[in-house]
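*Asks:* turn this into a model:
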Amino acid sequence: MRPIDVSGLGSVLREVAARAATAPARFVISGNLATPWTAVRTLDETLQSFTLFAINGQKGLPDRDGVTLETAFVGPGMRHSPRMRYLPTRLSLLPRLFLGPLAPDAVLLHTSTPANGRVSLGIEVNILPAAIEAARGRGAPVIAQMNPHMPYTYGNGEISLEDVDVAFEVDEPLVEREVLDLDESSQQMGELITRRVQSGATLQLGIGAVPDAVVAQLTGHRDLRVWSEMFSDGVLALERAGCTDPTTPLTASFLFGSAELYRWVHRNPRVQMRRTEVTNEPSNIARNPLMISVNSALQVDLFAQANASRINARIYSGFGGQTDFIVGALHSHGGQAFIALRSWHPKAQVSTIVPLIDEPVTSFQPTAVVTENGVAEIRGHDERTQARHLIEQAAHPRIREELWEEAYELGLTSRYAG
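*Replies:* Got it, this is the predicted structure:
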């Protein structure tokens, strides 16, 4: 490892660009709330053109002519950019692409400070181990922004200093997750899902108000396990309330939370940070007993197909881990996969339960679809019964008559039942 001052980073980045096999050079960076902002700003100031690959890129990423923003899951820092390049792929399969079409010319990491010859990727492991291995395999540099504020977490994110080519230090507090208000609809959906969760269940909870509401209402449960793409402060609350299984590590691929959460995970052997290929592999998910998967969607249609990716033909997010965890949960012994969404979009003033999705489908056939109106049972029912459940239990009352008419046109009911 070659330590440098941040003032020398620009020359390192210029060397990367000069040696890149193709132009512009591709830089894979830590995403989510672990973005190495000092490295990214220096990259933007140093090179006129480059490709930046990040998962769930946050606001503040460079977005100008000469910059290509590349991702398989769109975050707020890329969502509306005309310079974004979206790659549809299951997150569990994304790491393989670093050995081919997404080969990195450099990897920019945000790590802890060194200890015993190692650093930790802290709150963001995710796809980074695969990117590091791909870079090392093709002689591309691994550059670490080392920060004493980054917690040292255990698992696949522990990196030998021998695998870091260049490192510089910063002293920057980590970005914290914005706290979401648990509105009435979210609390209602959280309560409906919580009723289906048994003590001893394994949880996968995404980002958002509904997963937060589920966690908040599980304090009466015991021996809960966590096997998730990510978790936030709600898991810390469950741990402190004695709700979790003390014999099983809390497993995730990245963290999305507060400074308190980050302090708690620092050198905490209860928390194991695993690479995406481990956490999102459906067969690994399925091994967990009573697996509970809670994900959201933008739309669900009467065939129980979910669109969680696009609005008006424009990419909004992506597959993420939804497809991996739905499949894994449905194969788990006693597992359940829920799609939770509001029945009515308050800004667009449209129903989220629609006759037939005209966007690309993200997933389909979960255990049940949950809205603030109720639970529409899907799994194990014929298509007509599924449609009836969606209309009667999930859809907003003001749209049900229209949905019955559409169901008739789609052959999902033998007569118009509105």
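
*Asks:* CA only for contacts and neighbour counts going forward, please
*Replies:* OK.

*Asks:* got the domain ranges for this structure?
*Replies:* Following automatic domain parsing, one finds the domains of the chain at 2-169, 184-409.

*Asks:* mind putting those into a markdown table with mean neighbour count, mean pLDDT and distance to R177?
*Replies:* Below are the domains of the chain laid out as a markdown table (neighbours: other C-alpha atoms under 10 Å; pLDDT from 0 to 100; distance: least, C-alpha to C-alpha, whole Å):
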| stretch | mean neighbour count | mean pLDDT | distance to R177 |
| --- | --- | --- | --- |
| domain 2-169 | 20 | 97 | 8 |
| domain 184-409 | 21 | 96 | 5 |
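
*Asks:* which stretch among those domains comes nearest V175?
*Replies:* Nearest of those to V175, taken as C-alpha to C-alpha: domain 2-169 at 5.7 Å.

*Asks:* just the strands in the stretch 201-350 of the chain please.
*Replies:* 202-205, 225-226, 230-231, 250-252, 254-255, 271-273, 291-296, 299-301, 305-307, 310-311, 314-315, 336-340, 344-345, 350-351 (DSSP state E, counting those that start in this stretch).

*Asks:* ah, wrong one, I meant the stretch 51-200 of the chain
*Replies:* Counting by DSSP E, counting those that start in this stretch, the stretch 51-200 of the chain has strands at residues 67-71, 84-86, 106-111, 118-120, 142-146, 154-155, 158-160, 166-169.

*Asks:* nearest to Q198, out of these?
*Replies:* Between Q198 and the strands of the stretch 51-200 of the chain, the shortest gap by C-alpha to C-alpha is with strand 154-155, which sits at 28.0 Å.

*Asks:* nearest to V28, of the strands of the stretch 201-350 of the chain?
*Replies:* Nearest to V28 among the strands of the stretch 201-350 of the chain is strand 254-255 (16.1 Å), distances taken as C-alpha to C-alpha.

*Asks:* what is the closest one packed up against?
*Replies:* strand 230-231 (3 or more C-alpha pairs under 8 Å, 6 or more residues apart in numbering; DSSP states H and E).

*Asks:* isn't F53 right up against R26?
*Replies:* Yes. Under the criterion of C-alpha atoms under 8 Å, F53 makes contact with R26 at 7.1 Å.

*Asks:* rewinding a little: could you redo the strands of the stretch 51-200 of the chain as a markdown table and give each row distance to L218?
*Replies:* A markdown table is the format used below for the strands of the stretch 51-200 of the chain (distance: least, C-alpha to C-alpha, whole Å):
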| stretch | distance to L218 |
| --- | --- |
| strand 67-71 | 34 |
| strand 84-86 | 36 |
| strand 106-111 | 33 |
| strand 118-120 | 31 |
| strand 142-146 | 37 |
| strand 154-155 | 26 |
| strand 158-160 | 32 |
| strand 166-169 | 40 |
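
*Asks:* so for D163, which of the strands of the stretch 201-350 of the chain sits nearest?
*Replies:* Smallest distance to D163 across the strands of the stretch 201-350 of the chain (C-alpha to C-alpha): 18.5 Å, for strand 271-273.

*Asks:* before we move on, the earlier item: nearest to A297, of the strands of the stretch 51-200 of the chain?
*Replies:* Minimum separation from A297 across the strands of the stretch 51-200 of the chain (C-alpha to C-alpha) falls at strand 84-86, 18.5 Å.

*Asks:* neighbouring strands for the closest one, and are they parallel or not?
*Replies:* Strand 84-86 has these partner strands in its sheet, going by DSSP bridges: strand 67-71 (parallel).

*Asks:* quick one: contacts of the strand it pairs with?
*Replies:* The contact list for strand 67-71, computed with C-alpha atoms under 8 Å, 6 or more residues apart in numbering, reads 48-56, 63, 78, 83-87.

*Asks:* G234: which of those is nearest?
*Replies:* Nearest to G234 among the contacts of strand 67-71: N56, at 20.5 Å, using C-alpha to C-alpha.

*Asks:* that closest one against Y86, yeah?
*Replies:* No. Applying C-alpha under 8 Å as the test, N56 and Y86 come out as separate, 11.4 Å apart.

*Asks:* what's near enough to touch P141?
*Replies:* Counted by C-alpha under 8 Å, 6+ apart, P141 has contacts V16, D105, A106, V107, A135, V164, D165, V166.

*Asks:* do H266 as well
*Replies:* Residues counted as contacts of H266 (C-alpha under 8 Å, 6+ apart) are P151, Y152, T153.

*Asks:* tell me who's in contact with the residue nearest the centre of the chain.
*Replies:* The chain has G320 as the residue nearest its centroid, 5.5 Å off, counting by C-alpha atoms, centre = their mean. The contact partners of G320, taken as C-alpha under 8 Å, 6+ apart, are A72, F73, R90, L91.

*Asks:* tabulate those in a markdown table, adding columns for distance to G220.
*Replies:* Output for these, formatted as a markdown table (distance: C-alpha to C-alpha, whole Å):
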| residue | distance to G220 |
| --- | --- |
| A72 | 37 |
| F73 | 34 |
| R90 | 34 |
| L91 | 33 |
